[in-house]
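Trainee: mind looking at a prediction? Sequence and model below.
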Amino acid sequence: MFLENKVDKSEKRGWIEVIAGSMFSGKTEELLRRLRRAGIARQRVEIFKPLVDNRYSEDAVVSHDSNSIRSTPVESSGNILLLSSNVDVIGIDEAQFFDNNLLSVCNQLAGQGVRVIVAGLDMDFKGIPFGPMPALMASAEYVTKVHAICMRCGDLAQYSLRKSQSDKLVELGASDNYEAVCRACYHKFYKK
Ligand SMILES: Nc1ncnc2c1ncn2[C@@H]1O[C@H](COP(=O)(O)OP(=O)(O)O)[C@@H](O)[C@H]1O
Ligand SMILES: Cc1cn([C@H]2C[C@H](O)[C@@H](COP(=O)(O)O)O2)c(=O)[nH]c1=O
Ligand SMILES: [Zn+2]
């Protein structure tokens, strides 16, 4: 379980937390948990997600278990900076879909004393690091890797297997088109 630093009223220090993993690994649930706790601590919280992610809702971050929180959809990472005055905590979901400038945006916000919590897929369906996620994981103070359960053998899963033949990097979906699988089941699927 992630434990928050105590708020030091004399000096406002920011940092970056990354929650990374495959689809269905609980990234969004963990993000929502941390943001709700920040709200209980009366911190000012803003949540952003990429405009492209309209899978469940236009203006909410929604988990696979239908938990949700209001969020602002933004077209590019630069918009996050513009919309982040007077906040203590910023949550960003589906970070893999943002441009590579997201790292600089998060570093600037952390430098201004903001706690930045980023959730996203660490790998795409090909097993390749996804968008700005690897750079964010390298720069973050805290990285939490969460795991799903392999839908084929019950082991811990870290891959998002795409069931359709599409080769596009961005293809929205859930269990209709994706399965969480472990390393062995992922490679077995591609050897067939
Ligand atoms: N294969 C799976 N492994 C673990 N949880 C799963 C799986 N398939 C569906 N779920 C559900 O998904 C929830 C996590 O959803 P969510 O936080 O939206 O994940 P993520 O953001 O990582 O895709 C779990 O609590 C569980 O109810
Ligand atoms: C692996 C992979 C996934 N996507 C899409 C599918 C979903 O819409 C999101 C991931 O959502 P989650 O909250 O992590 O379940 O990303 C994609 O576009 N490309 C991929 O390679
Ligand atoms: Zn497996």
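Mentor: Right, received. Where do you want to start? Ligands and ions are numbered 1, 2, ... in the order given.
Trainee: residues in contact with I92?
Mentor: When contacts are counted by Cβ atoms under 8 Å, 6 or more residues apart in numbering, I92 is found next to 47-49, 80, 98, 102, 106, 116-120. C-beta: built from backbone N, CA, C; applies to glycine.
Trainee: again, but for N86
Mentor: By Cβ under 8 Å, 6+ apart, the residues touching N86 are R44.
Trainee: ok, back up a step: in CSV: the contacts of I92, plus neighbour count.
Mentor: Output for those, formatted as CSV (neighbours: other Cβ atoms under 10 Å):
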residue, neighbour count
I47, 20
F48, 24
K49, 26
I80, 22
F98, 28
L102, 26
C106, 31
V116, 27
I117, 28
V118, 29
A119, 29
G120, 26
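Trainee: so which of those residues are in strands?
Mentor: Those of the contacts of I92 mapping onto strands are 47-49, 116-120, per DSSP state E.
Trainee: now stretch 61-79: buried residues?
Mentor: Across stretch 61-79, burial judged by 16 or more other Cβ atoms under 10 Å covers 61-64, 69, 71, 73-74, 77, 79.
Trainee: how about the ones in strands among the contacts of I92 in TSV, adding distance to ligand 2 and pLDDT?
Mentor: TSV is the format used below for the ones in strands among the contacts of I92 (distance: Cβ to the nearest ligand atom, whole Å; pLDDT from 0 to 100):
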residue	distance to ligand 2	pLDDT
I47	14	97
F48	15	97
K49	10	96
V116	19	98
I117	15	98
V118	13	98
A119	8	98
G120	7	98
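Trainee: if we can go back for a sec, for the contacts of I92, which one is nearest ligand 3?
Mentor: G120 (22.6 Å; Cβ to the ion).
Trainee: which residues touch that closest one?
Mentor: 18-20, 27, 92-97, 130-131, 133, 136.
Trainee: ok, which of those residues also contact ligand 1?
Mentor: Among these, the residues lying close to ligand 1 (Cβ under 6 Å from any ligand atom) are K27.
Trainee: so I92 versus ligand 3, what's the distance?
Mentor: Distance from I92 to ligand 3, counting by Cβ to the ion, to the nearest Å: 30 Å.
Trainee: for that residue, give me the pLDDT.
Mentor: pLDDT, I92: 98.
Trainee: what about the closest residue to S160 other than its chain neighbours, neighbour count?
Mentor: Closest residue to S160 apart from its sequence neighbours, by Cβ to Cβ, 6 or more residues apart in numbering: M23 at 4.2 Å. Neighbourhood size, M23 [other Cβ atoms under 10 Å]: 22.
Trainee: what does the one 5 residues further on give?
Mentor: Applying other Cβ under 10 Å, we find 25 other residues in the vicinity of T28.
Trainee: also S139?
Mentor: Around S139 there are 15 residues (other Cβ under 10 Å).
Trainee: cool, thanks, signing off.
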